[in-house]
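1. could you work out the structure for the sequence below:
(2 chains)
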Amino acid sequence: MGRWSNEAGWTQVFPVSDLAMPRDRTFEFESIALPHAASLLRYALHLQGERAQAEDLLQETLLSAWRNFHQLEPGTNCKAWLFRILKNLHYKQMQRRGRRPEVSVEEQEPSLASRENISTGQEVREAFARLTSEHQEVLQLAVVEGFGIREIAELLELPLGTVMSRLGRARASLRAVLQLRTSGREGGI
Amino acid sequence: MNCNTVQSILPLYLSGELKGEELQAMQLHLQECDRCASVVFADTELDEQLRAAMLEKAPNVSAVLRRVHERMAAPWWQRIHRLLPVRVAGVAAAVVLAVIIGLPVLYVHQAERNLALAAAGDHYSDLVMLRHTDWESTPAEIDRFMEQQFPQKKSLLQSMTTDGISLEKVRLCKLRGTSYAHFVFKTASGETSVFLLPSAQGSTAYRAAHLSDGGYGLEVSGFSSSGLTGIVVGKQGSVSTVEMANRFAQTL
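-> Numbering: from 1, shown residues only, chains lettered A, B, ... in the order given. All right, here's what the predicted structure looks like:
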């Protein structure tokens, strides 16, 4: 809230809209928000698929975050806040385009196997790319970006139990794909 | 804790979110159950493999960050232009001018009050973001500027540059065809910007409005007098913008 007063003592309290300039927190924003740009772009690439669209989404996310940086309360997880902004902007984009965000059908749970053979980074990335979009999303958020289950549930607006079971199935799927590739390689395929 | 329970809360354990008694029970079970321990080991190893693979090649964000920095450093009216739909931005710019030209408007609508704050973005952009362009800063340059832009107001700066206040630089700004001068004064406790432009009003009366916004750390005071109107923008607590506005108004 702000306060107007003239020299005659007239005052009126009013709210300040987000059109007002940000406070002098540029350095703070650059220090704690911008380092997450690569993580945000990884997630944007997952959501958008196309590099150019993902970069546009990242740019809009960072600018939106900068405009609203004063709303980030001390102690809040900045990375989770940024991911929520990105997710919301993506959702709005999908709505404008008349599309719903992609929701894939959960695939059948593969059987739990013993520990997989060591795979190269490229093999793991290829195996990851073969997972469903939902499985990729929870694995990326939990394993790659390090979000907690509760944070993911809040971000994806899903019940905690759904996130946990989806994450369990995603790990099992990734393991199954990696094993398939390993057995195929060993079998000379 | 049995094996089924371990399976159900395993994601919480792997993400480090399991606490207290549940964590102790889980750890105890893993010591006793080889099957569950091997599952945890396999999942942990899988996670490490995936994390390493995905982070091996970080996506290049330099182009995006460059564009973001450019937008962050853009003058306030450009930010508003991009922030709002085009047709609204035109209205917004007009409203800002209305605020600067006719201070009584300040007392009327919420939107104008907010946009008066946005006008102070010029101050923010130059002083905080350190954008230095087109400034006249040497005494000779400033004298020439005053001669060209304010030939009838030569005493203006003399009255202001006292009591530890000095003029650091000035430049002519343009907003949609309308010119106004942006002065930056330096005081012992900080810097203060003054925006001045000719007014169609011939009134010799002045009024000073004072805006102080604790959320943004800036305060703005406006004045209108003898064919000139202006806004004084300063850091809250470090300068009395209303005092400066009053002094300007009395001088003018």
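
2. C-alpha only now, for contacts and for neighbours.
-> Noted.

3. quick one: contacts for the spatially closest residue to B:Ala53 that is not a sequence neighbour?
-> With sequence-adjacent residues excluded and distances taken as Cα to Cα, 6 or more residues apart in numbering or on different chains, B:Ala53 is closest to A:Gly121, at 4.3 Å. Applying Cα atoms under 8 Å, 6 or more residues apart in numbering or on different chains to A:Gly121 gives the contacts B:49-50, B:52-54, B:56.

4. just the strands in chain A please.
-> Along chain A, counting by DSSP state E, strands occupy A:2-6, A:11-14.

5. worst average pLDDT in the ones you listed?
-> The minimum mean pLDDT among those belongs to strand A:11-14 (a mean of 30).

6. hang on, the earlier thing: out of the contacts of A:Gly121, grab the one that's most surrounded.
-> B:Leu50 (26 neighbours; other Cα atoms under 10 Å in any protein chain shown).

7. so that one is in which element?
-> If you go by DSSP states H and E, B:Leu50 is part of helix B:34-56.

8. alpha carbons only: can I get that helix in PDB?
-> The C-alpha atoms that make up helix B:34-56 are tabulated as PDB, following Å, rounded to 0.1, in the frame of the first residue of the first chain:
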ATOM      1  CA  ASP B  34      17.700 -57.200   1.500                       C
ATOM      2  CA  ARG B  35      15.000 -57.000  -1.100                       C
ATOM      3  CA  CYS B  36      13.900 -53.500  -0.200                       C
ATOM      4  CA  ALA B  37      17.500 -52.400   0.300                       C
ATOM      5  CA  SER B  38      18.300 -53.500  -3.200                       C
ATOM      6  CA  VAL B  39      15.300 -51.600  -4.600                       C
ATOM      7  CA  VAL B  40      16.500 -48.400  -2.800                       C
ATOM      8  CA  PHE B  41      20.000 -49.000  -4.000                       C
ATOM      9  CA  ALA B  42      18.900 -49.500  -7.600                       C
ATOM     10  CA  ASP B  43      16.600 -46.500  -7.600                       C
ATOM     11  CA  THR B  44      19.300 -44.300  -6.100                       C
ATOM     12  CA  GLU B  45      21.800 -45.500  -8.700                       C
ATOM     13  CA  LEU B  46      19.200 -44.900 -11.500                       C
ATOM     14  CA  ASP B  47      18.600 -41.400 -10.200                       C
ATOM     15  CA  GLU B  48      22.300 -40.600 -10.200                       C
ATOM     16  CA  GLN B  49      22.600 -41.900 -13.800                       C
ATOM     17  CA  LEU B  50      19.700 -39.900 -15.000                       C
ATOM     18  CA  ARG B  51      20.800 -36.700 -13.200                       C
ATOM     19  CA  ALA B  52      24.300 -37.000 -14.600                       C
ATOM     20  CA  ALA B  53      23.000 -37.700 -18.100                       C
ATOM     21  CA  MET B  54      20.600 -34.800 -18.100                       C
ATOM     22  CA  LEU B  55      23.000 -32.300 -16.600                       C
ATOM     23  CA  GLU B  56      25.900 -33.400 -18.800                       C
END
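
9. who does it touch, helix- and strand-wise?
-> helix A:121-129, helix A:160-186, helix B:3-14, helix B:20-32 (3 or more Cα pairs under 8 Å, 6 or more residues apart in numbering or on different chains; DSSP states H and E).

10. in CSV: those, plus distance to A:Ala33 and mean pLDDT.
-> Shown next, in CSV, are the helices and strands packed on helix B:34-56 (distance: least, Cα to Cα, whole Å; pLDDT from 0 to 100):
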stretch, distance to A:Ala33, mean pLDDT
helix A:121-129, 27, 88
helix A:160-186, 26, 84
helix B:3-14, 26, 87
helix B:20-32, 32, 89
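
11. closest to B:Val61 out of these?
-> Between B:Val61 and the helices and strands packed on helix B:34-56, the tightest spacing by Cα to Cα is seen for helix A:121-129, at 19.8 Å.

12. now the angle from the closest one to helix B:34-56?
-> Orientation of helix A:121-129 against helix B:34-56 (axes from the mean of the first three to the mean of the last three Cα atoms, to 10 degrees) gives an angle of 100 degrees.
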